[in-house]
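K.L.:
The sequence and its predicted three-dimensional model are supplied below.
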Amino acid sequence: MAGEGDAAHQTHDGGCTCRAVRYRMTSAPLFVHCCHCRWCQRETGASFALNALIEADRVVLTAGAVDVVDTPSNSGKGQRIARCPTCRVALWSNYGGGGDKVRFVRVGTLDEPDRLPPDIHIYAASKQPWVVLPPGARAVPEYYKSSEVWPAASLARRAVLFPPA
Ligand SMILES: [Zn+2]
Ligand SMILES: [Zn+2]
């Protein structure tokens, strides 16, 4: 298993469909969520959203700029979705809880999305029934505590973002 040493040197490039916006994740993500909530189903028009959680300063624009759209969210705290101003494809979101410090990068916008499979399936209670999770996949009915699930290296990175009071 790769440690933070390897993760620190990983990069992941992505962008929108019209290619006006390009970005780079400058390390591996903290964690990858496959979210089966009804909100993600509606917003993707599909069955789930695949989001790579990463520190905001580890996502750099390499071309173009994003338009940030305030959008309601399940939590009631709202989310801010960064979209290409031209083709309007959504590239990442910031949610109420993580504020501006954590971006939820939409894995499907990466050039090589296969490199980031989900670490956990969340809101599995509203999973569309034809979606069959792989044997052994970690899944929770709703949400979870990162302190109980994330690897130590990701928790250490989170502690830098959100220092204990
Ligand atoms: Zn575009
Ligand atoms: Zn969701």
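P.N.:
Right, received. Where do you want to start? Residues are numbered from 1 along each chain as shown. Ligands and ions are numbered 1, 2, ... in the order given.

K.L.:
Would you mind listing the outside residues contacting stretch 56-63?
P.N.:
Judged by CB atoms under 8 Å, 6 or more residues apart in numbering, the contacts made with stretch 56-63 from elsewhere in the structure are 13, 15, 19-27, 92, 94, 100-103, 105. (C-beta placed from N, C-alpha, C; glycine too.)

K.L.:
So is that stretch next to ligand 1?
P.N.:
No - counting by CB under 5 Å from the ion, ligand 1 has no neighbours in stretch 56-63; the shortest distance is 10.0 Å.

K.L.:
Please spell out which residues along that stretch are buried.
P.N.:
Judged by neighbour count (16 or more other CB atoms under 10 Å), stretch 56-63 contains these buried residues: 58-59.

K.L.:
Selection in PyMOL covering whichever of the contacts of stretch 56-63 are buried, please.
P.N.:
Selecting just the buried residues from the contacts of stretch 56-63 in PyMOL takes one command, with 16+ other CB under 10 Å as the test:
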select buried, resi 15+20+21+22+23+25+26+27+92+94+102+103+105
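
K.L.:
The contacts of stretch 56-63: which ones sit near ligand 1?
P.N.:
Here is what survives when these are matched to ligand 1 using CB under 5 Å from the ion: A20.

K.L.:
Buried residues, whichever helix in the chain runs longest. List them.
P.N.:
If each helix of the chain is counted by residues according to DSSP state H, the longest one is helix 152-161. Buried positions in helix 152-161, judged by neighbour count with 16+ other CB under 10 Å: 153-154, 157-158.
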